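Participant: Following is a predicted model, sequence given first.
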Amino acid sequence: MSFEHLLPPSWKSQVNDWLVEDTPSFDYGGYIVGETERTAFLFGKGKQPAVLAGRPFFTEIFSQLGCHVEWHMKEGDSFEPIKHVATVRGKARHLLLGERVALNLLARCSGIATKSRHMKDLAAGYGYKGTIAGTRKTTPGFRLVEKYGMIVGGIDPHRHDLSSMVMLKDNHIWSSGSITAAVKQARSVGGFSLLLDVEVGSEAEADEAIDAGADIIMLDNIEGDELVTVARRLKDKWAGKRKFLLESSGNITETNLHERAINEIDILSTSAVHQSVQHIDFSLKIQVSK
């Protein structure tokens, strides 16, 4: 199966919006180069191995401009720079109309996939058997691409939006009066089909959330020995009484991942896989006719 099959029917209209944003008026550079048929090579550059992610978006950008993309790598493949990743053929001005939009898209999506795979592999190296997940701290208007990059990189994209799962954070609980009240109200409208994730800051709050029937308990900003102790006590205390998953979040990076990657924790959610991620350097070079 292709990762592209995950994408919703609306995704191609987003590509059109990107092209409209980048050329809202006259194409002065395109006027100069004209419509001679040209061939361009896409190169994966940089200094470190990377994961390719974003092929459908890149292809669609050039497809809407009447160009054809021939890929030399599969989605999710790793490559060592410098790598000839794809060949794009079309009219010169159309190649240049799509160049920057396509490269920016591919650079960020591949950067997220590369970081995601690195975090997953790092956790596995520590013996962690749970789930590494991203977060909803994504870029407005670009979430689909960023979540897609996480999936290609091999991690869990977590919830995509406020409708994907019921997540009750501190503001929800304060507004409701208590964890128990918030869970009860959420269940009354969310029904059986939505998981309910409750953010807690202590073992006592975790006990209340579990007793109230939460599916996932997010131990927010609980770290070090306290995280290990709380997680183990909760699992032992509620064994055979309630089914729930424990999630750890807050300030998880590759430098402290070894401290958080304990198997009492089922889910490690981190924004480190998509916020402030190093982009992968790509370039598109039109070849000189001989």
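Facilitator: On my side now, so go ahead.
Participant: how near is the closest residue to residue 106 other than its chain neighbours to residue 138?
Facilitator: Among residues not flanking residue 106 along the chain, residue 54 sits closest, at 4.5 Å (Cβ to Cβ, 6 or more residues apart in numbering). Every C-beta, even on glycine, is put in place using the N, C-alpha and C of the backbone. Separation of residue 54 from residue 138 (Cβ to Cβ, to the nearest Å): 15 Å.
Participant: more neighbours, these two?
Facilitator: Shown here are residue 54 and residue 138; by other Cβ atoms under 10 Å, residue 54 has more neighbours (27 against 22).
Participant: mind checking pLDDT for that one?
Facilitator: Looking at residue 54, its pLDDT stands at 98.
Participant: now do the one 3 residues further on
Facilitator: At residue 57, the model reports a pLDDT of 98.
Participant: Export stretch 91-107 to CSV, keeping only CA atoms.
Facilitator: Output of stretch 91-107 as CSV, limited to C-alpha atoms (Å, rounded to 0.1, in the frame of the first residue of the first chain):
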residue,chain,number,x,y,z
LYS,A,91,8.3,23.6,-19.7
ALA,A,92,11.1,25.7,-18.2
ARG,A,93,8.8,28.4,-16.7
HIS,A,94,6.5,25.7,-15.2
LEU,A,95,9.5,23.9,-13.6
LEU,A,96,10.5,27.2,-12.0
LEU,A,97,6.9,28.0,-10.9
GLY,A,98,6.9,24.8,-8.9
GLU,A,99,10.5,24.7,-7.8
ARG,A,100,10.5,26.6,-4.5
VAL,A,101,7.0,25.4,-3.3
ALA,A,102,8.0,21.8,-4.0
LEU,A,103,11.5,22.0,-2.4
ASN,A,104,10.1,23.7,0.7
LEU,A,105,7.4,21.1,1.1
LEU,A,106,9.9,18.2,0.6
ALA,A,107,12.5,19.7,2.9
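Participant: Run the chain-centre distance for that stretch.
Facilitator: Its chain's C-alpha centre and that of stretch 91-107 lie 23 Å apart, by Cα atoms, centre = their mean, to the nearest Å.
Participant: swap in stretch 104-115?
Facilitator: Relative to the centre of its chain, stretch 104-115 is centred 10 Å away, using Cα atoms, centre = their mean.
Participant: Which residues outside it are in contact with it?
Facilitator: Applying Cβ atoms under 8 Å, 6 or more residues apart in numbering, the external contacts of stretch 104-115 come out as 18, 44, 49-54, 57-58, 61, 76, 142, 145-146, 148-150, 152-153, 272-274, 277-282.
Participant: Buried ones from those, can you make that a PyMOL selection?
Facilitator: To isolate the buried subset of the contacts of stretch 104-115 in PyMOL, counting by 16 or more other Cβ atoms under 10 Å, use the following:
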select buried, resi 18+44+50+51+52+53+54+57+58+61+76+145+146+148+149+150+152+153+272+273+274+277+279+280+281+282
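Participant: Can you flag which of the contacts of stretch 104-115 belong to strands?
Facilitator: Among the contacts of stretch 104-115, DSSP state E puts 44, 50-51, 282 in strands.
Participant: The stretch 151-290 of the chain: helices as residue ranges?
Facilitator: Listed in chain order, the helices of the stretch 151-290 of the chain (DSSP state H, counting those that start in this stretch) span 170-176, 179-190, 203-212, 224-238, 257-260.
Participant: Figure out which of those is closest to residue 99.
Facilitator: Checking the helices of the stretch 151-290 of the chain against residue 99 by Cβ to Cβ gives helix 257-260 as the closest, at 36.5 Å.
Participant: Show me what counts as buried in the closest one.
Facilitator: By 16+ other Cβ under 10 Å, the buried positions in helix 257-260 come out as 257, 260.
Participant: And that helix, what does it pack against?
Facilitator: Using 3 or more Cβ pairs under 8 Å, 6 or more residues apart in numbering; DSSP states H and E, the elements in contact with helix 257-260 are helix 92-125, helix 224-238.
Participant: Three-state assignment for residue 32, please.
Facilitator: helix (DSSP: H, G, I helix; E, B strand; the rest coil).
Participant: got it, and the one 10 residues further on?
Facilitator: Per three-state DSSP, the secondary structure class of residue 42 is strand.
Participant: Much appreciated, bye for now.
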